[in-house]
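Q: quick one, structure for this:
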Amino acid sequence: MRKDALFYAAAQGHADVLVLLLDAGVPIDAPHEHQLTALMWAAGQGQASAVRLLLQRGARTDLRDDRGLSALDIARQAGHDEVARLLPAP
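A: Predicted coordinates for the structure are as follows:
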């Protein structure tokens, strides 16, 4: 399975690219391998600006990957406390 631009932009914190992709109609919650979403990728990489943008655009925080982890769980596991504070508990 290949990653598309949304996941790369989220993981690298490129909020400007995320805006372009979302405005072009890329589905915000489309899952990638292991049921990971762009929000989960951004949270796991500690990309606070991308997390904020995805939340503002309506990314779901209740989704879980194939391990049962939410974006909040992933941020906490990775030690990204700033990002974890941005995410509501699912």
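Q: residue ranges of the strands in the chain, please?
A: Ranges of strands within the chain: none, based on DSSP state E.
Q: list the contacts of the spatially closest residue to Gly44 that is not a sequence neighbour.
A: Leaving aside its chain neighbours, Gly44 sits nearest to Ile74 (4.5 Å; criterion: Cβ to Cβ, 6 or more residues apart in numbering). The way it works is simple: take the backbone N, C-alpha and C, and place the C-beta from them, glycine included. In this structure, Ile74 makes contact with 40, 43-44, 65, judged by Cβ atoms under 8 Å, 6 or more residues apart in numbering.
Q: so what's the most centrally placed residue in the chain scoring on pLDDT?
A: Central residue of the chain (Cα atoms, centre = their mean): Leu39, 1.1 Å from the mean position. Predicted confidence (pLDDT) for Leu39: 97.
Q: export the contacts of Ile74 as CSV, with columns for distance to Glu33.
A: Converted to CSV, the contacts of Ile74 look like this (distance: Cβ to Cβ, whole Å):
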residue, distance to Glu33
Met40, 11
Ala43, 16
Gly44, 13
Asp65, 9
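Q: of the residues you listed - the most surrounded one?
A: Ala43 (34 neighbours; other Cβ atoms under 10 Å).
Q: does that residue touch Ala71 like I think?
A: Yes. At 4.2 Å, Ala43 and Ala71 qualify as touching, with contact defined as Cβ atoms under 8 Å.
Q: residues contacting the residue nearest to the centre of the chain?
A: The contact partners of Leu39, by Cβ under 8 Å, 6+ apart, come to 10, 28-29, 51, 54-55, 59-61, 63, 71.
Q: what about burial for the residues you listed, which qualify?
A: Among the contacts of Leu39, those classed as buried by 16 or more other Cβ atoms under 10 Å are 10, 28, 51, 54-55, 59, 61, 63, 71.
Q: please report phi then psi for the closest residue to Arg60 other than its chain neighbours.
A: Leaving aside its sequence neighbours, Arg60 sits nearest to Asp29 (Cβ to Cβ, 6+ apart; 5.1 Å). Torsion angles at Asp29 (phi, psi; degrees, to the nearest 10) stand at phi -110, psi 10.
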